[in-house]
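Enquirer: Structure for the following, please:
(one chain, ligands or ions: 1)
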Amino acid sequence: MEQPFQKDMSHTTWDKVYARQGLRADLMPEWFEALALKAGDRVLEVGAGPGYVSLALAERVGPQGVVYAIDRSADALAYLEKLQAARGISQIQRLVADAATLDGNFAATSALITMVLHHTDDPAAILRNLHRLLPTGARIVIGEFDPEGPCEIGPPRRVRLAPDKVRGWCEAAGFRVAEERHQSPEHYMIVAERAP
Ligand SMILES: C[S@@+](CC[C@H](N)C(=O)[O-])C[C@H]1O[C@@H](n2cnc3c(N)ncnc32)[C@H](O)[C@@H]1O
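Expert: Residues are numbered from 1 along each chain as shown. You can find the predicted model right below:
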């Protein structure tokens with residue numbers, strides 16, 4: 001039986017999360033297009049989980065590119081490590097870290113933060129940190145579940161984040177919101193650019 005949603009993901013397993021990521025695969029092309037990802041790019045994936053999206057990003061940036069797969073869960077990234085080893089994918093660098101305090105010099109020109117912010121206690125802190133880590137002009141794409149959606153899949157309405165709230169956090173952190181788009185009745189995405 002399905003356990004009630006927990007922000008820290010303790011209600012589920014990484015196998016189940018990976019399977020759910022696969023069910024959302026149709027959303028990925030729009031995320032990647034909005035980031036204008038091409039071969040050789042370096043991209044941060046914040047809250048990569050067990051890595052379904054990271055593997056697709058790796059295919060997109062190719063062997064000359066780098067995907068920094070960041071997650072606070074070492075177990076999630078160990079799951080991804082096994083998949084990488086089985087498939088011979090070396091352009092994903094895994095980092096166990098809290099995205100709100102993550103530090104480093106990544107030379108990444110974009111970041112993807114999908115289905116993550118509603119799992120965190122301080123989404124605004126993640127956006128402030130991304131502003132610190134990314135160069136001016138870098139693009140970010142945030143994907144979330146719509147509180148106005150039917151809630152037939154995904155987290156319950158009470159934990160979902162309204163697009164206006166996410167836009168406000170982006171702007172307060174120093175990102176200029178370029179676009180907000182509904183991808184399905186349950187999902188929306190926000191595209192923003194790091195302002196100087
Ligand atoms: C539902 S999964 C989403 C995975 C993937 N981004 C996707 O679109 O399918 C949420 C992930 O965010 C991670 N996460 C939540 N808060 C985080 C934080 N502050 N720093 C790093 N990872 C975080 C969780 O550990 C979990 O693996």
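
Enquirer: any idea how far residue 114 is from the residue in the chain that the ligand sits nearest to?
Expert: As assessed by C-beta to the nearest ligand atom, the ligand sits closest to residue 47 within the chain, at 2.8 Å. For the C-beta atoms, the positions are set from N, CA and C on the backbone; glycine is no exception. Note on residue 47: its distance to residue 114, by C-beta to C-beta, to the nearest Å, is 8 Å.

Enquirer: Repeat that for residue 39.
Expert: 21 Å.

Enquirer: Those two - which one has more neighbours?
Expert: Between residue 39 and residue 114, counting by other C-beta atoms under 10 Å, residue 114 is the more crowded of the two (22 against 11).

Enquirer: for that one, phi and psi?
Expert: Dihedral pair for residue 114: phi -110, psi 130, per degrees, to the nearest 10.

Enquirer: from what I can see residue 162 touches residue 145, true?
Expert: No: contact between residue 162 and residue 145 fails when scored by C-beta atoms under 8 Å: they sit 10.5 Å apart.

Enquirer: Three-state assignment for the residue nearest the centre of the chain, please.
Expert: Residue closest to the average C-alpha location in the chain (C-alpha atoms, centre = their mean): residue 113, at 2.4 Å. When classified by DSSP: H, G, I helix; E, B strand; the rest coil, residue 113 comes out as strand.

Enquirer: and if you look at residue 36?
Expert: Applying three-state DSSP: residue 36 is coil.

Enquirer: tell me the phi and psi of residue 117?
Expert: According to degrees, to the nearest 10, residue 117 has phi -60, psi -30.

Enquirer: my guess is it contacts residue 125, does it?
Expert: No: between residue 117 and residue 125 there is no contact under C-beta under 8 Å: 10.5 Å.

Enquirer: Looking at these two, which is more packed in?
Expert: residue 117 (23 against 16).

Enquirer: Excluding sequence neighbours, find me the nearest residue to that one.
Expert: Ranked by C-beta to C-beta, 6 or more residues apart in numbering and with sequence neighbours excluded, the top spatial neighbour of residue 117 is residue 123, at 4.0 Å.

Enquirer: List the contacts of residue 173.
Expert: 124, 127, 128, 130, 131 (C-beta atoms under 8 Å, 6 or more residues apart in numbering).

Enquirer: 7 Å - rerun?
Expert: The contact partners of residue 173, taken as C-beta atoms under 7 Å, 6 or more residues apart in numbering, are 124, 127, 128, 131.
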